[in-house]
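Enquirer: A predicted structure for the sequence below; I have some questions about it.
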Amino acid sequence: MPSAEGVFSYLGVAGTITTAIGLLSLIVLAAFGVARQHIKRSERVFRDAIATKDSAVVDAFLTRFDIPKDKLGEKKAYDLAIAQINAEQLKVLLRYVLLFLGIIAFFLLVFALVPRPPARSTSTSDTSTKFILALAQVDDVELRVRLYRTLCSCNPDPEMIDGLQQLRFSKETPLRQQVLPAPVVTALTGARTAAEITNTLAGVDIAACQGMPEFAVSATRLACKNGKPVPFITTPNQGGRLTSLQAVIFHTSETHSIRDLINLLTSPHRNVSVHLLISRTGAVVQFVDFDTKAFHAGNSRWTAPDGNTYTNLNSYSIGIMYDNVGEVQRSGGGDFSASGETIKAADVQCVAGGCWERFTEEQLRTTRGVLNALFSAYRKVPLLGHSDVSASKTDPGPAFPIGTLRREFGVTGASI
């Protein structure tokens, strides 16, 4: 399967070719229209001259096309002249096409000679993700909103501005985390332009192991095999030590909003958290140490393969959440929707009497890397969905290949 970058590269080439074909089609149509008007004008002048018996104009046309009126007779001569006038359409059309192409070529040459700033290595979505995480560390509300407006001056989102104004992080709430180094946050507070913000964030790798799904557990935290730590965001929503590790439980986020997810998993008023969050690009962020209880399973119950029954699975499991909206509903235009978000039909899998957002290949590659690390550091344990431990839950849903993962890792799962 081609990489995401390769797919977008193919789409970019296809888009360029389509645009070029469309532009050439418009040029030909425009030239044809101009040429047609020119021919119609000539034909109209000739017919008007015949009607008004303007022999000078009529003779001029006949002489132009070398038509002997005396030999052919008036009617045949006039019909032949009109046919010759229309036959000129192709020549005039080609002349106008060349003219229009010349104009386009001139502007392309001017565009090519105009100096442009170098392309940034950081993608828009990557910059936005880093920037929102950086804003979580800025105490001053006005500064937080000003930074956002600066980066998104062309199209600021009122909902985002409202959310940033509502965010409140006390000195005691450890959301100042190690996601971005202090010098980066300091540089951001002094930024005045979008370019300054983008350049500051360009060197920050929030997705430490993205594209390299090989991990290891260092102490109680996830790290890349190259030694680079996975970003860690401390949340107040955690309990004491795990009683014992009996399972890994998978969840979906039900939203694609980075801001909403950070708020949900770190708000002291929501009492919700997971150990790991895996984005649709495969990036992973940790919120709770692996030996500590995260609040992800809620009112839960599960019977293990050995016959033991466990309640309150927070005390016995590691929770992994995916950036995935879960079950979706059909909407207009062949697409789907969930929680007010539009989901493309290509990203949806309809199975088991419903439709669900697909999990990306990057998410599944990261999942396999994370499970390898966890099972190497601890021991193999059953893989469960939230729906396996709570009858009121449906996530991660049938689009998640939990059966395949169980077979690959040689583990089981059991229902409530």
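Expert: Structure's in. What do you need? This is a predicted model, so every value here is computed, not measured. Numbers count the residues shown, from 1 in each chain.

Enquirer: Low-confidence stretches in the stretch 151-300 of the chain?
Expert: By pLDDT under 70, the weakly predicted segments of the stretch 151-300 of the chain are 151-213, 258-259.

Enquirer: Where do the strands of it begin and end?
Expert: Taking DSSP state E, counting those that start in this stretch, the strands of the stretch 151-300 of the chain run over residues 215-218, 221-224, 238-241, 247-252, 276-278, 284-286, 292-294.

Enquirer: So Leu245 is in contact with Asn314, correct?
Expert: No: counting by Cβ atoms under 8 Å, Leu245 stays clear of Asn314, with 12.0 Å between them. Yep, even glycine has a C-beta here, placed from its N, CA and C like the rest.

Enquirer: okay, those two: which has more neighbours?
Expert: Asn314 (20 against 17; other Cβ atoms under 10 Å).

Enquirer: unless I'm mixing things up, that one is touching Asn299, no?
Expert: No: taking contacts as Cβ under 8 Å, Asn314 lies outside contact range of Asn299: 10.1 Å.

Enquirer: what touches both of these two?
Expert: When Cβ atoms under 8 Å, 6 or more residues apart in numbering defines a contact, no residue borders Asn314 and Asn299 alike.

Enquirer: The residue nearest to Ala373 when sequence neighbours are not counted: neighbour count?
Expert: Once flanking residues are discounted, Ala373 sits nearest to Phe215: 3.9 Å by Cβ to Cβ, 6 or more residues apart in numbering. For Phe215, the count of nearby residues is 24 (other Cβ under 10 Å).

Enquirer: Phe215 reaches Thr367, doesn't it?
Expert: No: applying Cβ under 8 Å, one finds Phe215 not in contact with Thr367, separated by 10.6 Å.

Enquirer: now what about stretch 61-74, what contacts it?
Expert: With contact meaning Cβ under 8 Å, 6+ apart, stretch 61-74 is reached by 46, 49, 59, 77, 80-81, 84-85.

Enquirer: For Lys228, state which of those is nearest.
Expert: Ile85 (75.9 Å; Cβ to Cβ).

Enquirer: For the helix or strand hosting that closest one, buried residues please.
Expert: Here Ile85, judged by DSSP states H and E, is contained in helix 74-87. For helix 74-87, burial by neighbour count (16 or more other Cβ atoms under 10 Å) applies to 77-78, 80-82, 84-85.

Enquirer: Just the mean pLDDT for that helix, thanks.
Expert: Model confidence over helix 74-87 averages 76 on the pLDDT scale.

Enquirer: Could you export that helix as CSV, CA atoms only?
Expert: C-alpha atoms of helix 74-87 as CSV (Å, rounded to 0.1, in the frame of the first residue of the first chain):
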residue,chain,number,x,y,z
GLU,A,74,-25.7,35.4,-58.3
LYS,A,75,-27.3,32.8,-56.0
LYS,A,76,-24.5,30.2,-56.4
ALA,A,77,-21.8,32.9,-56.1
TYR,A,78,-23.4,34.3,-52.9
ASP,A,79,-23.8,30.8,-51.4
LEU,A,80,-20.2,30.0,-52.2
ALA,A,81,-19.0,33.2,-50.6
ILE,A,82,-20.9,32.5,-47.4
ALA,A,83,-19.3,29.0,-47.3
GLN,A,84,-15.9,30.5,-47.8
ILE,A,85,-16.5,33.0,-45.0
ASN,A,86,-17.4,30.1,-42.6
ALA,A,87,-14.4,28.1,-43.8
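
Enquirer: packing partners for the very next helix or strand once past that helix?
Expert: Using DSSP H and E, the next helix or strand after helix 74-87 towards the C-terminus is helix 89-113. In terms of contacts (3 or more Cβ pairs under 8 Å, 6 or more residues apart in numbering; DSSP states H and E), helix 89-113 is packed against helix 4-51.

Enquirer: Following the chain past the helix it packs on, name the next helix or strand.
Expert: Per DSSP H and E, the first helix or strand lying C-terminal to helix 4-51 is helix 55-64.

Enquirer: and that following helix with helix 74-87, angle?
Expert: 60 degrees (axes from the mean of the first three to the mean of the last three Cα atoms, to 10 degrees).

Enquirer: pLDDT (mean, whole number) over helix 55-64?
Expert: Mean predicted lDDT for helix 55-64 stands at 78.

Enquirer: List the buried residues of it.
Expert: For helix 55-64, by 16+ other Cβ under 10 Å, it's 58, 61-62.

Enquirer: Identify each buried residue in stretch 296-316, please.
Expert: For stretch 296-316, the neighbour count (16+ other Cβ under 10 Å) marks 296-297, 300, 302, 304, 310, 312-316 as buried.

Enquirer: Report the lowest-confidence entry in those residues.
Expert: Note: of the buried residues of stretch 296-316, the lowest pLDDT belongs to Ala304, at 92.

Enquirer: Report the contact partners of that residue.
Expert: Ala304 neighbours (Cβ under 8 Å, 6+ apart): 246-247, 310, 382, 414.

Enquirer: Any figure for the gap between it and Leu383?
Expert: 13 Å (Cβ to Cβ, to the nearest Å).

Enquirer: ditto for Leu29
Expert: 59 Å.
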